[in-house]
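A.B. asks: below: sequence and its predicted model.
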Amino acid sequence: MGRSILLAYILVVTICATPAQSKYYSESERYEPVQLKKTRLNFFIHDILSGKNPTAVEIAGPKTIKDKNDPTPFGTVFAIDDPLTEGPEISSKVVGNAQGMYLSSSQGKNLTLVMYIDLGFTTGKFNGSSLSVFSRNPVTESHREMAVIGGRGLFRRAEGTVFVKTHFLNSTNGDAVLEYNVVVVHP
């Protein structure tokens, strides 16, 4: 009984102590619909885990003994700075980079990653702009899609889909070349 009275007293004091006037307010503005643009992009990502200059490095992983035949065991987190190129060859024109991280999130045989990456463009019309991708990536599926959840620059408030195809995958060392076909809508 005593607790109930104390709780009621605290509630009444809190309500009474709340200021009657707040200085936080905003004036309403007339909403003007924005014309949205649809942009389609096609490029390749080179995710290299091997060699002297990898573009993806392990930053955390399980405490269990690792299998040498599995470059991305369950629970492993990688930081990436992968080049984006016009073509599948690493010598193709670089148009930007993918920076972020991914987590190996599947315990089964089918590799699945959860990815957060920022696709930053460094040339052409979209120089200085980027797209933010946060999604599940079931790597073993031949055609898959990931969500675009935002962007910067010309892609501010973008949303859309990245359609991913594996162009090349070395299952021994984890090196991969991925084709990204991106469709986004943005102001």
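C.D. replies: Yep, that arrived.
A.B. asks: from now on I want contacts and neighbour counts done on CA atoms only, so please keep to that.
C.D. replies: Noted.
A.B. asks: number of nearby residues for Ile117?
C.D. replies: Neighbour count for Ile117, taken as other CA atoms under 10 Å: 23.
A.B. asks: going forward, the N-terminal residue is numbered 34.
C.D. replies: Right, with 34 as the first residue, what we last looked at is Ile150.
A.B. asks: so what pLDDT did it get?
C.D. replies: pLDDT for Ile150: 98.
A.B. asks: for the most centrally placed residue in the chain, list the residues it contacts.
C.D. replies: The residue lying closest to the centre of the chain (CA atoms, centre = their mean) is Tyr149, at 2.5 Å. For Tyr149, the contact set (CA atoms under 8 Å, 6 or more residues apart in numbering) comprises Gly133, Met134, Tyr135, Ser165, Val166, Phe167, Ser168.
A.B. asks: cutoff 6 Å now
C.D. replies: Gly133, Met134, Val166, Phe167 (CA atoms under 6 Å, 6 or more residues apart in numbering).
A.B. asks: which among those gets closest to Phe201?
C.D. replies: Closest approach between the contacts of Tyr149 and Phe201, by CA to CA: Met134, at 20.0 Å.
A.B. asks: quick one: least confident helix or strand in the chain?
C.D. replies: Within the chain, no helix or strand scores below helix 35-50, which has a mean of 70 by mean pLDDT, DSSP states H and E.
A.B. asks: which strands and helices lie in contact with the helix or strand following it?
C.D. replies: Downstream of helix 35-50, the next assigned helix or strand under DSSP states H and E is strand 70-80. With contacts defined as 3 or more CA pairs under 6 Å, 6 or more residues apart in numbering; DSSP states H and E, strand 70-80 has these neighbours: strand 110-118, strand 209-219.
A.B. asks: what sits closest to Asn160 if chain neighbours are left out?
C.D. replies: Counting by CA to CA, 6 or more residues apart in numbering, Asn160 lies nearest to Phe154, which is 5.0 Å off, once chain neighbours are set aside.
A.B. asks: contacts only, for that neighbour.
C.D. replies: Counted by CA under 6 Å, 6+ apart, Phe154 has contacts Val128, Gly129, Asn160, Gly161, Ser162, Ser163.
A.B. asks: what's the neighbour count on the residue nearest to Asn203 when sequence neighbours are not counted?
C.D. replies: What sits nearest to Asn203 in space, not counting adjacent residues and going by CA to CA, 6+ apart, is Ala209, at 6.3 Å. Residues near Ala209, counting by other CA under 10 Å, number 17.
A.B. asks: go ahead and confirm Ala209 touches Leu202.
C.D. replies: Yes. The pair Ala209 and Leu202 qualifies as a contact (CA atoms under 6 Å) at a distance of 4.4 Å.
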